[in-house]
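*Asks:* Give me a 3D structure for the following:
(chains A and B)
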Amino acid sequence: MKKTLYFLGIIGIIFAFYGCRKGKEDPFISLMSRKARLTGTWQISGAQWTEEVYWDKGIPTLFPLPSSVYNHLGIQKDLEVQYYDYYYENNSLTEIDRNDNDTTIYSPYTYTITFNKDNTFELNVYSRTKNSDGYYSMDSYTLNGYWHFLSKTEEAKNKERVIMEVTKYFYSYKEQYGEDVYSDTATANISGSGWMNSDIVQVIDLLGLSNKTLKIRYNQSIEHVNGDYFKIYGWVSFKKIEK
Amino acid sequence: MKKTIYILTVIALIFAFSSCKKGAEDPSISLLSRKARLTGKWEMTSGQWQTINYTDKKGGSLFSLGKKDANSYDTYIYDNNKLTIYSVIGDEKDTVIYDPFEFIMRFNRDHTFRILIYSKQVNNDYKDTYIEENWEIIKGNWFFLSKAGEYKNKERVYLEFRQDSTKVKYTYQNGDSDISIDVWNYSGTSMNYEYTMFFNYYYILDFLKLANKELKININYSIKDDNGKLEYSEQGTITFNKKK
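*Replies:* Predicted structure coming up:
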């Protein structure tokens, strides 16, 4: 009898831990809370995603004209789907424009996120690419702000997603032509909450969260009633470099 | 002895309830949870807020659309179902009236929300007069935000859009009308920063007061550059009453 109870107890505990699983690639059992696992500094270790833009040639889908405008003007839409594939390997991000068979390599490409226990975060992205004329351009941006777990919805489990509320944004761009350097920066310090304005927020979907690895799912679709759309799907993985 | 314990218990309960206070104007005692108080249908009843776009001599701030010749001020006053916007750009002044203007938010227990906005505006453009009516429905998910910096746990709510539909109807003096319908559907989540910059499909609401029958939103927002110079600011409050 005691043995059976012991056995059932173990099964119960396993199920209880299993119930804590949120992302599809979460560890089967973890004794650490999701906050404890997420806290720390993460560095990109791999990535593979696709951006799909269905658009009228020359008019980005992000600012489409209503169909009625085309009908009124009596013109046919000249539609195509543009695909951009990205993958990260050996400190470099490769972008492939499938339609034009054009490849751009960003090297080095660094991407780190630090989630702190006090719910603040810092995100840094830096990339360098060689232009067609042989010169280099460098992009970097840093975001600071607060992070929060999101609660359960129809689509996601409790704490499966994280919202990153940006309170400071810094962007820097530099182009180098031999000895000539062109550079520009933009900074925004954001405080408080406004009314129906563009609060800068990012939401990340945690596909896998263990103590040492983090995998984020890219999965977003913005579709317009006239059929234009933008989609992004794939993943980015990180390794913890600092607790 | 019994009396002392009774008094101490009452004091402890008062402190326990008052610690639930999040917004500055929240009721000091409430037996309902914040979720229970928020759940329901809210109608905008009054409000006053101002937005200021500060001139950037370099040619437009990060968040403004192009260069402005002078600081621009927009003052919004909402009263008696009417929204009046007074705009000032340098020496130029303009007034726009939406009458009626209806703004209704419904927060559901399952964390979904729906916002309905209806506005009507009479335009006198040279000799032509036309009426512009706008219907907008925004659907999505709502979440309380946790403690962060100066904000308390559940003081603010984050609205995640899933659908934004707009119908616009123009009725001209001669009786003709034009209708356009615009619908955006959003799904999933993304980390791609460049795109979130251009899409306002997230709102964060800061509750100054969340009572069972009254909701007051605090607008206190600013964007400054690295030298602390203001680029944009919003200040004000909007009040909603719960509808049955």
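*Asks:* Does the helix or strand encompassing A:Y109 reach chain B?
*Replies:* Assessed by DSSP states H and E, A:Y109 sits inside strand A:102-115. No: with CB under 8 Å from any CB of the partner chain as the criterion, chain B is not reached by strand A:102-115; the gap is at least 9.4 Å. In short, each C-beta sits where N, CA and C put it, glycine included.
*Asks:* How far off centre is the helix or strand following that strand?
*Replies:* The helix or strand immediately downstream of strand A:102-115 is strand A:120-130, counting by DSSP H and E. Its chain's C-alpha centre and that of strand A:120-130 lie 12 Å apart, by CA atoms, centre = their mean, to the nearest Å.
*Asks:* buried stuff in strand A:120-130?
*Replies:* For strand A:120-130, the neighbour count (16 or more other CB atoms under 10 Å in any protein chain shown) marks A:F121, A:L123, A:N124, A:V125, A:Y126, A:S127, A:R128, A:T129 as buried.
*Asks:* Out of the residues you listed, the closest to B:D110 would be?
*Replies:* Checking those against B:D110 by CB to CB gives A:F121 as the nearest, at 28.5 Å.
*Asks:* Model confidence for that closest one, exactly?
*Replies:* You'll see A:F121 listed with a pLDDT of 96.
*Asks:* Excluding sequence neighbours, find me the nearest residue to it.
*Replies:* A:W147 (4.6 Å; CB to CB, 6 or more residues apart in numbering or on different chains).
*Asks:* Just give the number of residues close to the one you found.
*Replies:* By other CB atoms under 10 Å in any protein chain shown, the residues close to A:W147 number 23.
*Asks:* which residues in chain B form helices?
*Replies:* For chain B, the helices defined by DSSP state H occupy B:2-18, B:34-38, B:193-198.
*Asks:* Next secondary structure element downstream of the one helix or strand in chain A whose mean pLDDT sits lowest?
*Replies:* Ranked by mean pLDDT, DSSP states H and E, the weakest helix or strand in chain A is helix A:67-73, scoring a mean of 56. Going down the chain from helix A:67-73, the next helix or strand is strand A:79-89, by DSSP H and E.
*Asks:* any weak-confidence spans in chain A?
*Replies:* A:1-2, A:5, A:7-21, A:28-29, A:55-79, A:196-200 (pLDDT under 70).
*Asks:* how about 50 then?
*Replies:* A:19, A:58, A:60-63 (pLDDT under 50).
*Asks:* just so I have it, where are all the strands in it?
*Replies:* Assigned by DSSP state E, the strands in chain A fall at A:40-56, A:79-89, A:92-97, A:102-115, A:120-130, A:136-149, A:161-177, A:180-191, A:201-209, A:213-224, A:229-242.
*Asks:* Which of those sits closest to A:T4?
*Replies:* Nearest of the strands of chain A to A:T4, taken as CB to CB: strand A:201-209 at 34.6 Å.
*Asks:* Would that closest one count as contacting chain B?
*Replies:* Yes: Strand A:201-209 reaches chain B (CB under 8 Å from any CB) through A:V201, A:Q202, A:V203, A:I204, A:D205.
*Asks:* How about A:Y173, nearest residue that isn't a chain neighbour?
*Replies:* Leaving aside its sequence neighbours, A:Y173 sits nearest to A:D184 (CB to CB, 6+ apart; 5.0 Å).
*Asks:* Centre of the chain to stretch B:136-156, how far?
*Replies:* 12 Å.
*Asks:* Identify each buried residue in that stretch, please.
*Replies:* Residues of stretch B:136-156 classed as buried: B:136, B:138-146, B:148, B:151-152, B:154-156 (neighbour count, 16+ other CB under 10 Å).
*Asks:* How far does that stretch stretch from one end to the other?
*Replies:* 23 Å (CA to CA, to the nearest Å).
*Asks:* per-residue confidence averaged over it?
*Replies:* 91.
*Asks:* thinking again about what came up before, from the buried residues of stretch B:136-156, which two are the most distant?
*Replies:* Greatest spatial distance among these (CB to CB): B:E136 and B:K152, at 31.0 Å.
*Asks:* and residue 115, what is it in contact with?
*Replies:* Using chain A here. A:L38, A:T39, A:G40, A:W42, A:F121, A:W147, A:V162 (CB atoms under 8 Å, 6 or more residues apart in numbering or on different chains).
*Asks:* actually it's chain B I care about, not the one you picked
*Replies:* Shown in contact with B:I115 (CB under 8 Å, 6+ apart): B:F103, B:I104, B:M105, B:R106, B:E136, B:I137, B:I138, B:K139, B:L159.
*Asks:* Could you identify the pair within these that is furthest apart?
*Replies:* Longest span within the contacts of B:I115, CB to CB: B:F103 and B:K139, 15.1 Å.
*Asks:* pLDDT weak spots in chain B?
*Replies:* Where chain B drops to pLDDT under 50, the residues are B:18-19, B:58-68, B:193-200.
*Asks:* Quick test: name the residue nearest the centre of it.
*Replies:* The centre of chain B sits closest to B:L205, judged by CA atoms, centre = their mean, with a distance of 6.4 Å.
*Asks:* Make sure it is actually in contact with B:R156.
*Replies:* Yes: B:L205 lies in contact with B:R156 (CB atoms under 8 Å); the separation is 6.4 Å.
*Asks:* residues bridging contact with those two, i.e. touching both?
*Replies:* A:S193.
*Asks:* Please name the residues that touch residue 137.
*Replies:* Just so you know, I chose chain A. A:R128, A:T129, A:N131, A:Y173, A:K174, A:E175, A:Q176.
*Asks:* switch to chain B, that's the one I care about
*Replies:* B:R114, B:I115, B:L116, B:I117, B:Q163, B:D164, B:S165.
*Asks:* Now do the last one against B:N212, distance only.
*Replies:* So the one you mean is B:S165. 30 Å (CB to CB, to the nearest Å).
*Asks:* next one: the first one
*Replies:* Taken as CB to CB, the spacing of B:R114 relative to B:N212 amounts to 20 Å.
*Asks:* try A:Y177
*Replies:* A:Y177 is 65 Å from B:N212, by CB to CB.
*Asks:* likewise A:I96?
*Replies:* A:I96 is 56 Å from B:N212, by CB to CB.
*Asks:* and stretch A:209-224, C-alpha only, in CSV?
*Replies:* C-alpha atoms of stretch A:209-224 as CSV (Å, rounded to 0.1, in the frame of the first residue of the first chain):
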residue,chain,number,x,y,z
LEU,A,209,13.0,28.5,-21.7
SER,A,210,15.5,26.5,-19.7
ASN,A,211,18.2,27.8,-17.3
LYS,A,212,20.8,27.9,-20.0
THR,A,213,19.0,28.2,-23.3
LEU,A,214,16.2,30.4,-24.6
LYS,A,215,14.3,30.1,-27.9
ILE,A,216,12.0,32.8,-29.1
ARG,A,217,9.4,32.1,-31.7
TYR,A,218,8.9,34.7,-34.5
ASN,A,219,5.3,34.4,-35.5
GLN,A,220,3.4,37.4,-36.6
SER,A,221,0.9,38.2,-39.3
ILE,A,222,-0.5,41.5,-40.2
GLU,A,223,-3.2,41.2,-42.8
HIS,A,224,-5.2,43.8,-44.6
